[in-house]
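Chemist: dropping the sequence and predicted coords here.
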Amino acid sequence: MTRLDDATGDLARVLARLGGDHPQPAPDVLARLHEQFPRLHGLFSQLYGAHPDGFEHLAALLRIAADAAAERADDLVALDERRSADPEWFASERMLGGVCYVDRFAGDLAGIREAIPYFQELGLTYLHLMPLFPGPAGNNDGGYAVSDYRTVEPRLGTMDELRNLAAELRAAGISLVIDFIFNHTSNEHAWARKAVEGVPGFEDFYLIFPDRTLPDQYERTTREIFPDDHRGSFVQLPDGRWIWSTFYHFQWDLNYANPAVFTAMAGELLFLANVGVEVLRMDAVAFIWKQLGTPSESLPEAHLLLQAFNAVLRIAAPAVLFKSEAIVHPDEVLDYISPEECELSYNPLQMALTWEALATRDARLLQQALVRRHALPAGTAWVNYVRSHDDIGWTFADEDAAELGIEGYPHRRFLNDFYIGRFPGSFAAGMPFQENPDTGDARVAGTTASLAGIERGDEGGEDRVVLAHALAMATGGIPLLFLGDEVAQLNDYGFTDDEHRAGDSRWVHRPARPAAAYAARFDRDTVAGRVYRRIRRLIAVRAASPEFGGNALVDFTTSHPSVVSFQRPGADETRMLVLANVADHEVAIDALTLSGFAREARDAVADEQIDLARGVRLPAHGFRWLRVR
Ligand code: OTU
């Protein structure tokens, strides 16, 4: 039993334990260990200072890190060096992400490999493969219930194939991104089985209670996430005990108050880093720390844990980045983003408000968010997406909406009704996800094309798909395409025939690769072909426009509530003026509004000169990227 003590003494004790039957850390690893140790020690002391074995866990953690560093393959060590020479590589205007399910898009990992030429055609530099680990048969929440982090689900391939794929993608200029699902494991994970059986060392890996006393107390302040599956935050074990389960009943939350859990998970993290993954999508970060009397979401300790994982990575696999998946209040989203915590983060606010603006034909909330909430610390970036594999939740701040005279609760109700198609005249064909009978909350499922109006035959549908992508590509950060959206893939209602999926409407927007749409992608007489051509054009223009690198965004005001407008400053005098109109009618921006710029401007997408002294017309749900001076 050894508690944590002061950093200097503890470092000496840690170093004395490295080597031995393990190789001594290489000089560069040792240098990084010295650099990171004070921070890691400070974080560990805050998290586990009271633990009687705190030091032992820290020493074990650093041995795992030293071993992982020693095992890191040469090409990954070279990558570490490249990234440290260019730490803001991900801020480039050439960055473009894509995300897909291995099985649904390509059958298996071999199929993904065969799709590399397509990824290159599209211009991807980042590929997020959805969870590909073994999980419970039947429903496993689309892979988010992991039974083993060191094996690839056999249907999809092997870990060696994944390792080779990571290297091949890298050679093709594409960084591999996968999920790190670390808030919970599946109920079939070896740790879970041992915890239930009471195997010494594993009893405290999860949060298990003998009766309802504490669960009842916790549930006074926790939120229900998947109420269709079970109410509250706990499920009952066959032996009558209760276990913390935020999501599905087969996803059991880990107990990070136990330092053994942190250390064990750090081992899984470094294993994946050494497979060649370049970005880890940190799933469900808000939920990782629990405390009685609080919502048990986004607690300060959640940040300490992420920072501690970050420090471990900096020692053993410094090229690897974290992407935060916090779909929460915008203030809280921001708290996860820093070079010391998560360098990247989904931008759920921009995503939700893009849909909000399309529904209301009023861009003011989106404009306000861009002006007020887009800025980020140096060394970090947004991941801007139109939609993901999850539902759309209306995560805007009620305070922000109130300033515009919009009341949060009824507005969310309206947006749900609109996208679920319950609002008269709606162009959208979406489905409700996890409607909560008590609170009236719900989220929305649907593909981009179906939500934007194409499925219902609305004449603005194609434009809205392109408009939404034009915003995701223009505001600053890494744009992330849900593969299939670029060929306007529609909802797939077939999931209702599958007993393991019927209860989860998110499957409506996770269809198999639309082979016919991809085959038609160069045919302008098809919806797929038209949307693909326009999105491809945006990708090409973005990649050739240095103004779109980085995150700087400067406000620009027009007098039209339906227009989003901002500037992206370039290195020289030029800037990109982005104007987008969510209304169903044309809008004319007058010359006076544009008089701060030189008269001669260039429409970068249409590739034509324009004279700003004549004003600029924005068609219904149209946009312009104007290079101005
Ligand atoms: C994540 O999402 C994943 O993206 C989901 O696909 C998983 O089902 C879930 O975690 C469990 O692993 O509730 O509806 O930020 O919104 O973390 C999606 C809060 C989810 C949650 C988010 C979660």
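Modeler: Received the coordinates, thanks.
Chemist: next, the contact list for F119, please.
Modeler: 98, 127, 169, 172, 174 (CB atoms under 8 Å, 6 or more residues apart in numbering). Placement of C-beta: from N, CA and C, glycine included.
Chemist: on the three-state scheme, the first one is what?
Modeler: Right, the one you point to is G98. Assigned with DSSP: H, G, I helix; E, B strand; the rest coil, G98 falls in the strand class.
Chemist: count of neighbours near it?
Modeler: 26 (other CB atoms under 10 Å).
Chemist: which parts of the stretch 201-350 of the chain sit against the ligand?
Modeler: Applying CB under 6 Å from any ligand atom, we find that the stretch 201-350 of the chain lies next to the ligand at 225, 247, 283-284, 286, 325-328.
Chemist: just those residues: which are in strands?
Modeler: Using DSSP state E, the subset of those located in strands is empty.
Chemist: next, format those residues as JSON lines and append pLDDT and neighbour count.
Modeler: Below are those laid out as JSON lines (pLDDT from 0 to 100; neighbours: other CB atoms under 10 Å):
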{"residue": "I225", "pLDDT": "91", "neighbour count": "17"}
{"residue": "F247", "pLDDT": "97", "neighbour count": "21"}
{"residue": "D283", "pLDDT": "98", "neighbour count": "20"}
{"residue": "A284", "pLDDT": "97", "neighbour count": "21"}
{"residue": "A286", "pLDDT": "97", "neighbour count": "24"}
{"residue": "E325", "pLDDT": "98", "neighbour count": "25"}
{"residue": "A326", "pLDDT": "97", "neighbour count": "25"}
{"residue": "I327", "pLDDT": "95", "neighbour count": "22"}
{"residue": "V328", "pLDDT": "94", "neighbour count": "19"}
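Chemist: closest to V199 out of these?
Modeler: F247 (24.5 Å; CB to CB).
Chemist: quick one, phi psi at that closest one?
Modeler: Backbone torsions of F247, given as degrees, to the nearest 10, read phi -100, psi -120.
Chemist: surely it touches V235?
Modeler: No - if you go by CB atoms under 8 Å, F247 and V235 don't touch, sitting 10.4 Å apart.
Chemist: give me the secondary structure label for R281.
Modeler: Per three-state DSSP, R281 ends up strand.
Chemist: might you enumerate the residues of the stretch 51-200 of the chain proximal to the ligand?
Modeler: Contact residues (CB under 6 Å from any ligand atom) of the stretch 51-200 of the chain with the ligand: 141-142, 144, 181.
Chemist: can you do 8 Å?
Modeler: Residues of the stretch 51-200 of the chain lying close to the ligand by CB under 8 Å from any ligand atom are 141-142, 144-145, 179, 181, 183-184.
Chemist: take the residues of the stretch 201-350 of the chain next to the ligand and keep only those in helices.
Modeler: With helices defined by DSSP state H, no entry of those lies inside them.
Chemist: so which of those residues comes closest to F548?
Modeler: E325 (23.9 Å).
Chemist: quick check: longest helix of the chain.
Modeler: Under DSSP H, the chain gives helix 27-48 as its longest helix.
Chemist: which other residues reach that one?
Modeler: 4, 7, 10-11, 14, 25, 54, 57-58, 62, 65-66, 69-70, 256, 259, 262, 301, 304-305, 307-308, 311-312, 314-316, 318, 340.
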